[in-house]
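S.K.: would you be able to build a 3D model of this:
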Amino acid sequence: MIRESVLANIAERQRERVRLREPGLSRVARLSKVPPGFVSIITGVRRCGKSTLMEQCMRTRLAKAFYLNLESAALAGLELGDAAQLDRVIARCGATALYFDEVQQLKGWEHYVRTKLDEGFEVFVTGSNASVLGQELGTKLTGRHIDCELFPFDYAEYLAFMKVPAGEAATRNYLVRGGFPAYLASQDERLLETLFEDILIRDVAVRYAIREVDALRRLAAYLIDNIAGRISATRLRQPLSIAATSTILKWCEAFSNAYLFDFIPCYSPSVKVQLVNPRKVYCIDTGLQHVLTATPAPDDARAFENLVYLALRRHCRTIFYYTEGQRGECDFIPLRGKRLGAPVQATVTLNGDSETREINGLRQAMRALKQPVGWIVTLADEETLRVEEGIIRIVPFHHFTPQLVLPA
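M.R.: Down below sits the predicted model:
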């Protein structure tokens, strides 16, 4: 229970800090227009800029905005039972738009938000856990929300933030630094190390009541060192000294819900085949991966594949890889709705054996999936090839437009 006067004081101090902060690189265009009666929900990994985006949105209407960061230690005692006090604080400041940051910290938040929507308020919330938000949206807010998934800076945002032109040099730097705004501003690797620990402990271990934190760290370290590799929970159990395969699967799901890692399945029309095949793992940010991996390399082919994956993932939630066993592999097959997009390969450069391998794997996917166009994203190569299956477009990352590979 929190007294009304304390709640009002905290809200006023937080609002004043928002007013005084620099607005940062504008990302407001990422928010869709929200119809009346709907809540706008911004989700994404910790420290990717969700709060900044929310603050940028509310700056245009600061006089009518009520803001509360629920992750503040001062609000640790806030409960749904404090709704009456909160209502009075909101009424006293004359707000018509409500902004709740890290809303998952308030148990039962969806009930309160639904009430405020019914009262005619505009409501914006942020959250750092996809699972919790998903469960809660499925109860009181079904059909009453517009989602915005936010990621660390994409390539265009990185260029604007760093004030550098697009090109091979910028891509190399982006590959190593990634897109977390605070790290780009400071270049202090301790920020990414602390961020990783915060996600591991606060968004995974605490939220899912995981006591075996050392084992959780071993799994996370293994995943970081094997980015773009195929992962099998059964084969990881013994070398990582984790008791059960089911435990590894649950922890991987928790990592995914916290937006730390993604695990993509092998494409097959059969869901059963998708489930039994190993998944490939990718990290939310190549800068984070570079700082934490045991063997960092600026031209690491796996990190570059991760970079291309993230470019696609920002525009598409469902992505597969494709394989025909020993005959070859295609890195990415995007899916929008029920339609497959163009196959995509990612490789730092095309030469010798790598050229043969990448082109053959892409052609196999084009042929099997009946796709007339395939893409190979590289660091600097650019060419168009005509093959029996159709056209292969080879483009450097700084010319790659993910929307072009997605079905219309």
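S.K.: where do the helices sit along the stretch 51-200 of the chain?
M.R.: With DSSP state H, counting those that start in this stretch, the ranges of helices along the stretch 51-200 of the chain come out as 83-93, 109-118, 130-137, 155-162, 168-177, 181-186, 189-198.
S.K.: could you do the stretch 201-350 of the chain as well?
M.R.: 213-225, 233-236, 245-257, 271-276, 286-292, 301-313.
S.K.: export these to CSV and tack on mean neighbour count?
M.R.: In this view, the C-beta of every residue, glycine as well, is placed from N, C-alpha and C. Shown next, in CSV, are the helices of the stretch 201-350 of the chain (neighbours: other Cβ atoms under 10 Å):
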stretch, mean neighbour count
helix 213-225, 17
helix 233-236, 16
helix 245-257, 17
helix 271-276, 11
helix 286-292, 24
helix 301-313, 22
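S.K.: roughly how far does Leu200 sit from Ala294?
M.R.: 17 Å (Cβ to Cβ, to the nearest Å).
S.K.: correction: Ala311
M.R.: Applying Cβ to Cβ, the value for Ala311 to Ala294 is 25 Å.
S.K.: residue ranges with poor pLDDT in this structure?
M.R.: By pLDDT under 70, the low-scoring segments of the chain are 131-139, 298-299, 326.
S.K.: got the domain ranges for it?
M.R.: Taking automatic domain parsing as the criterion, the chain consists of the domains 4-150, 153-294, 315-408.
S.K.: export those domains to JSON lines and tack on distance to Ala303?
M.R.: Formatted as JSON lines, those follow (distance: least, Cβ to Cβ, whole Å):
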{"stretch": "domain 4-150", "distance to Ala303": "17"}
{"stretch": "domain 153-294", "distance to Ala303": "5"}
{"stretch": "domain 315-408", "distance to Ala303": "9"}
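S.K.: which one of the ones you listed lies closest to Arg302?
M.R.: domain 153-294 (4.1 Å; Cβ to Cβ).
S.K.: any idea how far the closest one is from the chain center?
M.R.: 10 Å (Cα atoms, centre = their mean, to the nearest Å).
S.K.: how long is that domain from one end to the other?
M.R.: 24 Å (Cα to Cα, to the nearest Å).
S.K.: about what we covered before: for Gly108, find the nearest of the helices of the stretch 201-350 of the chain.
M.R.: Nearest of these (Cβ to Cβ): helix 245-257, 19.1 Å.
S.K.: let me know the angle separating the closest one from helix 213-225.
M.R.: 60 degrees (axes from the mean of the first three to the mean of the last three Cα atoms, to 10 degrees).
S.K.: for helix 245-257, packing partners?
M.R.: helix 130-137, helix 213-225, helix 233-236, strand 261-264 (3 or more Cβ pairs under 8 Å, 6 or more residues apart in numbering; DSSP states H and E).
S.K.: with distance to Lys64 added, can I get these in JSON lines?
M.R.: Shown next, in JSON lines, are the helices and strands packed on helix 245-257 (distance: least, Cβ to Cβ, whole Å):
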{"stretch": "helix 130-137", "distance to Lys64": "26"}
{"stretch": "helix 213-225", "distance to Lys64": "43"}
{"stretch": "helix 233-236", "distance to Lys64": "50"}
{"stretch": "strand 261-264", "distance to Lys64": "38"}
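S.K.: tell me which of those sits nearest to Ile284.
M.R.: Among these, strand 261-264 sits nearest to Ile284 (Cβ to Cβ), with 7.1 Å.
S.K.: give me the sheet partners of that closest one and which way each runs.
M.R.: strand 279-283 (antiparallel) (DSSP bridges).
S.K.: follow-up on the earlier one: among the helices of the stretch 201-350 of the chain, which is nearest Gln187?
M.R.: From the helices of the stretch 201-350 of the chain, taking Cβ to Cβ, the stretch that ends up closest is helix 286-292, at 10.1 Å.
S.K.: which helices and strands does the closest one pack with?
M.R.: helix 168-177, helix 189-198, helix 213-225, helix 301-313.
S.K.: just give me how far the last one sits from the chain centre.
M.R.: A distance of 13 Å separates the C-alpha centroid of helix 301-313 from that of its chain, computed with Cα atoms, centre = their mean.
S.K.: what does it rub up against?
M.R.: 151, 154-155, 174-175, 227-229, 262, 264, 282-286, 289-290, 297, 319, 331-332, 334, 344, 346-348, 377, 379, 397, 400, 402, 405 (Cβ atoms under 8 Å, 6 or more residues apart in numbering).
S.K.: neighbours around the residue lying closest to Pro165 once chain neighbours are set aside, how many?
M.R.: Excluding its sequence neighbours, the residue lying closest to Pro165 (Cβ to Cβ, 6 or more residues apart in numbering) is Leu159, at 7.0 Å. Neighbouring residues of Leu159 were enumerated by other Cβ atoms under 10 Å; the total is 18.
S.K.: thought Thr171 was touching Leu159, still the case?
M.R.: No - in this structure, Leu159 is not within contact of Thr171 by Cβ atoms under 8 Å, at 9.9 Å.
S.K.: could I get the contacting residues of Asp101?
M.R.: Counting by Cβ under 8 Å, 6+ apart, Asp101 has contacts Lys50, Ser51, Met54, Tyr67, Leu68, Asn69, Leu70, Glu71, Val125, Thr126.
S.K.: so how far is Arg237 from the last one?
M.R.: This means Thr126. For Thr126 relative to Arg237 (Cβ to Cβ), the value is 36 Å.
S.K.: ok, for Cys283, nearest residue in space, not its chain neighbours?
M.R.: Gln289 (4.4 Å).
S.K.: contacting residues around the one you found?
M.R.: By Cβ under 8 Å, 6+ apart, the neighbours of Gln289 are Gly178, Ile224, Ile227, Cys283, Ala303, Asn306.
S.K.: kindly recompute the last result at 6 Å.
M.R.: Neighbouring residues of Gln289 by Cβ atoms under 6 Å, 6 or more residues apart in numbering: Ile224, Ile227, Cys283.
S.K.: again with Arg61
M.R.: Ala97.
S.K.: could you do Ala83 as well?
M.R.: Taking Cβ under 6 Å, 6+ apart, we find Ala83 in contact with Tyr112.
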